[in-house]
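Trainee: Give me coordinates for this.
(chains A and B)
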Amino acid sequence: AQTVTQSQPEMSVQEAETVTLSCTYDTSESDYYLFWYKQPPSRQMILVIRQEAYKQQNATENRFSVNFQKAAKSFSLKISDSQLGDAAMYFCAYSITGNQFYFGTGTSLTVIP
Amino acid sequence: NAGVTQTPKFQVLKTGQSMTLQCAQDMNHEYMSWYRQDPGMGLRLIHYSVGAGITDQGEVPNGYNVSRSTTEDFPLRLLSAAPSQTSVYFCASSYGGRAVTQYFGPGTRLLVL
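Mentor: Next up is the predicted model:
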């Protein structure tokens, strides 16, 4: 079975500082996709960033970047220059085929003004 | 584009009642999925479909039925609601294949008494 583990139920960061959210996953596949989704209080699931496992280069999207360590099966999210609007629940997710996604239990991020 | 829409936004049911959660997308996506989100559990896949007429079970299919008669619609049926089905339900869709990014609906909050 595929599993995704987020070991930090809650994190906090000072506004303008940097925070890293951790995610590990278990798979025997060599080709797969990893995602970070953001869920604000509105409950809407918003894609933050995605990474293809066959790409060695870490994905970046503006202030969001990942540290993808394939051998260690680790996929952490770094948020730079944190803003109040970044406060949300963040979910790490894994997919092989695009029709079955496996999600972690989430990390609640608080941004302190 | 409306994206992925879900109705209703909130529903209260009594144990044993049946209902259908509606999901529609106007992006011509092949893949559609239903998830439930429970506190501390992340999102878990209930059922998914890779195209009209094709459905399959996810991690937690018991108590739910689905059908996919058109590309646009993917309703989720609860035949006999139980308190354990109290949850927030999300529908998602994607193009499928290598374009695996899922787009989520706004969610339906279901309370079973």
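Trainee: Please name the nearest non-neighbouring residue to the residue nearest the centre of chain A.
Mentor: Geometric centre of chain A, nearest residue: A:W36, 3.4 Å, by CA atoms, centre = their mean. Of all residues not flanking A:W36 in the chain, A:V48 sits nearest, at 4.3 Å (CB to CB, 6 or more residues apart in numbering or on different chains). Where C-beta positions appear, they are placed from N, C-alpha and C, glycine not excepted.
Trainee: Name the secondary structure element that contains that neighbour.
Mentor: strand A:46-52 (DSSP states H and E).
Trainee: If you count contacts, what does the next helix or strand after that strand end up packed against?
Mentor: Heading C-terminal from strand A:46-52, the first helix or strand you meet, by DSSP H and E, is strand A:60-61. On a contact count with 3 or more CB pairs under 8 Å, 6 or more residues apart in numbering or on different chains; DSSP states H and E, strand A:60-61 meets strand A:46-52.
Trainee: Can you give the distance of the strand it packs on from its chain's centre?
Mentor: 8 Å (CA atoms, centre = their mean, to the nearest Å).
Trainee: For chain B, which residues are neighbours of chain A?
Mentor: Contact residues, chain B versus chain A (CB under 8 Å from any CB of the partner chain): B:31, B:33, B:35, B:40-45, B:48-50, B:58, B:88, B:90, B:92, B:94, B:96-104, B:106-107.
Trainee: now the strand holding A:V48: mean pLDDT?
Mentor: Average pLDDT, strand A:46-52: 93.
Trainee: May I have that strand as PDB, with CA atoms only?
Mentor: Provided in PDB are the C-alpha atoms of strand A:46-52 (Å, rounded to 0.1, in the frame of the first residue of the first chain):
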ATOM      1  CA  ILE A  46      -5.400  24.600  -4.000                       C
ATOM      2  CA  LEU A  47      -2.500  23.100  -5.800                       C
ATOM      3  CA  VAL A  48       0.800  24.700  -4.500                       C
ATOM      4  CA  ILE A  49       3.400  22.800  -6.400                       C
ATOM      5  CA  ARG A  50       4.000  19.400  -8.100                       C
ATOM      6  CA  GLN A  51       7.100  17.300  -8.800                       C
ATOM      7  CA  GLU A  52       7.700  14.500 -11.300                       C
END
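Trainee: show me where pLDDT drops low in chain A?
Mentor: A:1-2, A:98-99 (pLDDT under 70).
Trainee: Could you pick out the residues of it near chain B for me?
Mentor: Checking chain A against chain B by CB under 8 Å from any CB, the hits are A:4, A:33, A:35, A:42-45, A:47, A:50, A:91, A:93, A:95, A:97-106.
Trainee: What about those residues, which are in strands?
Mentor: Those of the residues of chain A next to chain B mapping onto strands are A:4, A:33, A:35, A:47, A:50, A:91, A:93, A:95, A:101-103, per DSSP state E.
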